[in-house]
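# Okay, sequence plus prediction incoming.
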Amino acid sequence: MADYSEEDRRILEYLRDSVSRGESYFRAKNIAEQLGLSSKQVGARLPRLAEEADEVEIEKWGRARSTTWRVTTTTG
C-alpha cells in the first residue's frame, strides 16, 4: 500500500474491518462520519480504490439519493 494516501489507507482499513464483522453495503457519508473525513473525500476515492485495492472488492452497487458500495473480501 505504499502508493496510497493516509486517507486511502484509513478507508481500506475501515472497509476490511467492517467486512470481517459481516457488513457489506456502505455509503460514503457513513464511512466519512466514522473516519472524520468529508463524504466528498471518501466518495472521490472509492472509484479509484475499487480499481486498485487487492484486499477488498469494492463495487458500485446502487444509486438512490447517494451511491451505495458493496464491499466483499477478495478470494485468492
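Yep, it's here.
# give me the beta-bridge partners of the nearest residue to residue 59 once chain neighbours are set aside?
With Cβ to Cβ, 6 or more residues apart in numbering as the criterion, residue 59 has its nearest non-adjacent residue at 4.6 Å, and that residue is residue 70. C-beta: built from backbone N, CA, C; applies to glycine. Beta-bridge pairing for residue 70 (DSSP bridges): residue 25, residue 59.
# Looks to me like residue 57 is in a strand.
Yes: counting by DSSP: H, G, I helix; E, B strand; the rest coil, residue 57 is found in a strand.
# So for the residue nearest to residue 59, what's the pLDDT?
The model reports residue 70 with a pLDDT of 94.
# ok, it touching residue 61?
Yes: Residue 70 is within contact range of residue 61, at 4.0 Å (criterion: Cβ atoms under 8 Å).
# which neighbours do those two share?
Shared contacts of residue 70 and residue 61, defined by Cβ atoms under 8 Å, 6 or more residues apart in numbering, comprise residue 25.
# Please work out which residues outside the helix or strand of the chain with the lowest mean pLDDT touch it.
Least confident helix or strand, the chain: strand 56-63 with a mean of 87, by mean pLDDT, DSSP states H and E. Identification of contacts with strand 56-63 by Cβ under 8 Å, 6+ apart yields 12, 15-16, 19, 25, 46-47, 49-50, 67-74.
# for stretch 35-50, same thing?
7-8, 10-12, 14, 27-29, 31-32, 57-60, 66-67, 69.
# now the least confident helix or strand of the chain, how far from the centre of its chain.
9 Å (Cα atoms, centre = their mean, to the nearest Å).
# returning to that earlier point: buried only: go through the contacts of strand 56-63 for me.
12, 15, 19, 46, 49, 67-69, 71 (16 or more other Cβ atoms under 10 Å).
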